[in-house]
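**Q** Fold the following.
(chains A, B, C, D and E)
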Amino acid sequence: MCGRFALTASPEEVRALLQYLDQPNFPPRYNIAPTQPIAIVRQDHGKRRFALVRWGLVPGWVKDPASFTLLINARSETAAEKPSFRTAMRHRRCLIPASGFYEWKRPDGGPKQPYWIRPKDGGLVAFAGLWEEWADPDGGEIETGAILTIEANRTVGEIHNRMPVVIAPEDFDDWLDVTNVTAKEAAKIVKPAPEDLFEAIPVSTRVNSARDDDPGLQEPVDVAAVETQAPRPAPKKAQKPAKKGGGQLDLF
DNA sequence: CCAGACGTTGTT
DNA sequence: GTCTGG
DNA sequence: CCAGACGTTGTT
DNA sequence: GTCTGG
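**A** Residues are numbered from 1 along each chain as shown, chains lettered A, B, ... in the order given. This next block holds a predicted model:
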């Protein structure tokens, strides 16, 4: 799935791909984490516009966002029917520019290994996204968003079973056209990414910390040693203390 | 009728 | 274990 | 997604 | 808001 990504392309490169009216400036970001602002592109009055929203979609009907699960992803297979997503699937689709994303591989018994997954040609892509507007009782408004996911293709499947939905440039217009294109029609645009689009590069576990944000996070590390190692012995299951007998506190 | 859920991932 | 913060 | 907290009173 | 469960 996609719980961390990057947007390191220049504002000019992003605008060249997505063709919005605005000319925003923004810094490269190597480690975008949930709850942080993400760049989205949506169609407004027939024009493409750039915006920043909080990553973690909050449906409009939520009363207390604090006690609502953070929806950073939406399964593309079911989003059109889910109460949390279906209105957005019809009326609030967007594109989310990305230079790539991170996935963590979890070998049996081994340590989690992060991978930086980016287009082989070094360009950027547009993820399929949904956005929402949430009105707080004090009259404030918060815009939020989520990334659609799909079963991983063969390449990414080596690392993880889900991946973000990538929208091809020829489909940008239809994906964004919420006036004329229904959720059902939009769903047809969602496809697995071509096998040769991405490459996966093992990177430092520094990326684990959302506070780290620098180019070094995308530098290859040598993970061969780790991968060829025999899996560690499975951690011993701690003996379950017999809770039932006696009920005495066993302090010594 | 009202109350309560509404989600994804991964892991077991 | 579970929740919050980034 | 992962990391880090998870608590109170009073004092500086 | 809308659907499901009781």
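**Q** switch to C-alpha atoms for all contacts and neighbour counts from now on
**A** Noted.
**Q** Break down the stretch 151-252 of chain A into its helices, ranges please.
**A** A:154-157, A:172-176, A:183-187, A:224-228 (DSSP state H, counting those that start in this stretch).
**Q** highest average neighbour count across these?
**A** helix A:172-176 (a mean of 20; mean count of other CA atoms under 10 Å).
**Q** and that one, what's its mean pLDDT?
**A** The pLDDT scores in helix A:172-176 average 98.
**Q** If you count contacts, what does that helix end up packed against?
**A** Counting contacts by 3 or more CA pairs under 8 Å, 6 or more residues apart in numbering; DSSP states H and E, helix A:172-176 packs against strand A:93-98.
**Q** could you point out which element follows the strand it packs on?
**A** Tracing the chain past strand A:93-98, the next element assigned as helix or strand by DSSP states H and E is strand A:100-105.
**Q** who touches that next one?
**A** Applying CA atoms under 8 Å, 6 or more residues apart in numbering, the contact partners of strand A:100-105 are A:1-7, A:112-119, A:124-125, A:159-160.
**Q** Can you select the buried ones among those residues for me in PyMOL?
**A** A single PyMOL command is used to select the members of these judged buried by 16 or more other CA atoms under 10 Å:
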select buried, chain A and resi 1+2+3+4+5+6+7+113+114+115+116+117+118+119+124+125+159+160
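**Q** out of the contacts of strand A:100-105, which are inside helices?
**A** Among the contacts of strand A:100-105, DSSP state H puts none in helices.
**Q** okay, the helices of the stretch 151-252 of chain A in TSV with distance to A:Pro164 next?
**A** Below are the helices of the stretch 151-252 of chain A laid out as TSV (distance: least, CA to CA, whole Å):
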stretch	distance to A:Pro164
helix A:154-157	10
helix A:172-176	15
helix A:183-187	14
helix A:224-228	25
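**Q** nearest to DNA strand C, of the ones you listed?
**A** Comparison of the helices of the stretch 151-252 of chain A against DNA strand C by CA to the nearest atom of the strand identifies helix A:154-157 as nearest, at 20.8 Å.
**Q** Just list what the closest one packs against, helices and strands only.
**A** With contacts defined as 3+ CA pairs under 8 Å, 6+ apart, helix A:154-157 has these neighbours: strand A:198-202.
**Q** The strand it packs on pairs with which strands, and in what direction?
**A** Applying DSSP bridges to the sheet, strand A:198-202 is found paired with strand A:113-119 (antiparallel).
**Q** ok, back up a step: the contacts of strand A:100-105: which ones sit near DNA strand E?
**A** By CA under 7 Å from any atom of the strand, no member of those lies near DNA strand E.
**Q** A:Pro215: neighbouring residues, count only.
**A** By the criterion of other CA atoms under 10 Å, A:Pro215 has 12 neighbours.
**Q** Skip the chain neighbours and tell me the closest residue to it.
**A** The shortest distance from A:Pro215 to any non-neighbouring residue, by CA to CA, 6 or more residues apart in numbering, is to A:Tyr30 (6.4 Å).
**Q** Strands of the stretch 1-150 of chain A, start to end?
**A** A:5-7, A:29-32, A:37-44, A:47-55, A:73-75, A:93-98, A:100-105, A:113-119, A:125-135, A:141-151 (DSSP state E, counting those that start in this stretch).
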